[in-house]
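Asks: Give me the fold of what follows.
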Amino acid sequence: MNGIGKSMSNGSKPLIPQGEELARPPTRLMVLISLVAAFMLTLLPWPKAALWLVPDLGLLVLVYWNIHAPRLAALGVAFALGLAMDATHGLLLGLHALSYCVVTFLVLMLRRRLAFFTLKGQAAHLAPLFLLQEALVLLLGLAYGHSQVDWRYLAAGIVTAALWVPACLVLDRLTGRPARLDRVTGG
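Replies: Presented below is the predicted three-dimensional model:
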């Protein structure tokens, strides 16, 4: 009864995932398509007045893949996505690239710990990292020539963290990962 794949008699989870929990592994193409789609969403013509509230969807999807497929979306992907963000937003090349690499490194260090939390718990733990990314872009921009910084852009980190749960549910559905309600509620 206490085999490796069998659940314990007290109702705890098995040590090795069983049945539905064994999702097909993501492919490089799947990761690339989702990152390109998130990047394209950031290029939409957002209203100028609310531009500071626009979440960093590229970073959101990148962090998702850092947790679920770290070999397919590591520092090189973060750097390339950051350079693309810098080029399209007209910022100094390297601001987003550096901040994405810092967040990716931290998420890769914490990814095993994050897997034990519900999606809401993950959002709470990732919120400081999303804020850190926004703060790094603002501070580095200030250090390298921007005479004025709009600190309201830090709100985009909070909006990005708030979108973590729906983004994970959508990406889980698209990738074939099982959508479990207990991942959201903790029950």
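Asks: Give the full set of residues in contact with the residue sitting nearest the centre point of the chain.
Replies: For the chain, residue 63 is the residue whose C-alpha lies nearest the centre (Cα atoms, centre = their mean; 2.5 Å). For residue 63, the set of contacting residues under the criterion of Cβ atoms under 8 Å, 6 or more residues apart in numbering consists of 103, 104, 107, 126, 129. C-beta: built from backbone N, CA, C; applies to glycine.
Asks: now swap in residue 35 and tell me
Replies: Contacts were defined as Cβ under 8 Å, 6+ apart; by that measure residue 35 touches 58, 61, 62, 65, 73, 77, 81.
Asks: and the helix or strand where it lies, how far from the chain's centre?
Replies: Per DSSP states H and E: residue 35 is located in helix 28-42. The gap between where helix 28-42 is centred and where its chain is centred comes out at 12 Å by Cα atoms, centre = their mean, to the nearest Å.
Asks: what does stretch 68-83 give?
Replies: For stretch 68-83, the separation from the chain centroid amounts to 11 Å (computed by Cα atoms, centre = their mean).
Asks: can you list the contacts of residue 35 in TSV and add neighbour count, distance to residue 29 and pLDDT?
Replies: Conversion of the contacts of residue 35 to TSV gives the following (neighbours: other Cβ atoms under 10 Å; distance: Cβ to Cβ, whole Å; pLDDT from 0 to 100):
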residue	neighbour count	distance to residue 29	pLDDT
58	25	17	95
61	23	14	97
62	26	16	97
65	25	13	95
73	27	13	91
77	20	13	96
81	24	16	96
